[in-house]
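Visitor: let me see the structure of the following:
(one chain, ligands or ions: 1)
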Amino acid sequence: MLERMNRSHKSENDWGLDLLHINPKTILDIGCGGGATIQNLLKRYPEAQIVGVDFSEVAVELSTKLNKDAINKGQVKILKATLENLPFKNDSFDLVLSINTYFFWDDFITGLEAIKKVLKNNGTMLLLGDSYKGVDLTEDVQEINRNYQLKLKSPEEFKSALKKLGFKDIIIKTKEKEQWIAAIAKK
Ligand SMILES: C[S@@+](CC[C@H](N)C(=O)[O-])C[C@H]1O[C@@H](n2cnc3c(N)ncnc32)[C@H](O)[C@@H]1O
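Guide: Prediction:
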C-alpha cells in the first residue's frame, strides 16, 4: 500500500515542491510514508540534511530501506515519532512539510502548532493534500474519505487557521481537476 502510494503521489509531490522557491539546509518530512518524498527532496536539495518521521513502524521500515544510501552517508534520518510529539528542539528546520496527512490529524490546529514550533523563524511550511473540502470529489475518492473518515478542510479553513496561528506569507493553491491543495506559509 505505501509502496503504491510512493508511485501515485509523485506528480502531486512535484506540483507542491515546484511551488517552493527556497534552498533549505534542514528539512523535516512528517508522515514520510514509503519515503519517496525524501528521495525527491534529495534530488532537489542535494546539500540538505533531511529527517523523516512517521508513527507507523511499517512506514519507518520502508522509508529506511528506500533511503538507505543517504542514511549511510549521514544525510537522512528516519525516526518513529508523531506529529503531536516531535522529538526536536524548537526552531530546528528551514522547511517542514507534510504530504497527504493533514486529514488524518486528531486536531488541525494542534498539528499546525507542532509544525510551527520546530520551524526556524522565517522557515517554510508546506502542506499538501490530495483532497480538500469544497471541490467536486470523484466517487472513488469520496468512498476512501468515508472509509478512513478523513477530516477534509477547505482552502478558506487552511488560510484562517494559518492566519490565526501567526504564520506569514500564506499561499493556498488548488488544482481542481486533480483535487489537490497546497498550503505554503512562513513562520
Ligand atoms: C497517506 S500516507 C502519506 C505518506 C507520504 N507522505 C506520501 O505522500 O506518500 C499518510 C502517512 O502519514 C502518517 N501519519 C498520519 N498521521 C500522523 C501523525 N499524527 N504523526 C506521524 N505520522 C502520521 C501515516 O502513518 C502514513 O504513513
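
Visitor: wait, what's in contact with residue 41?
Guide: 17, 27, 29, 48, 50 (Cβ atoms under 8 Å, 6 or more residues apart in numbering). Any C-beta I mention is one placed from the backbone N, CA and C, and that applies to glycine too.

Visitor: how many neighbours does residue 153 have?
Guide: When neighbours are defined as other Cβ atoms under 10 Å, residue 153 has 22 of them.

Visitor: would it count as being in a strand?
Guide: No - under DSSP: H, G, I helix; E, B strand; the rest coil, residue 153 sits outside any strand and is assigned coil.

Visitor: the closest residue to it other than its chain neighbours: neighbour count?
Guide: With sequence-adjacent residues excluded and distances taken as Cβ to Cβ, 6 or more residues apart in numbering, residue 153 is closest to residue 133, at 5.6 Å. By other Cβ under 10 Å, the residues close to residue 133 number 18.

Visitor: with residue 174 instead?
Guide: Residue 174 has 18 nearby residues by other Cβ under 10 Å.

Visitor: so who does the residue nearest to residue 153 touch?
Guide: Residues near residue 133 by Cβ under 8 Å, 6+ apart: 152-154, 157.

Visitor: farthest pair within the residues you listed?
Guide: 152 and 157 (8.9 Å; Cβ to Cβ).

Visitor: re the thing from before, distance of the residue nearest to residue 153 from residue 154?
Guide: Distance check for residue 133 against residue 154: by Cβ to Cβ, to the nearest Å, it reads 4 Å.
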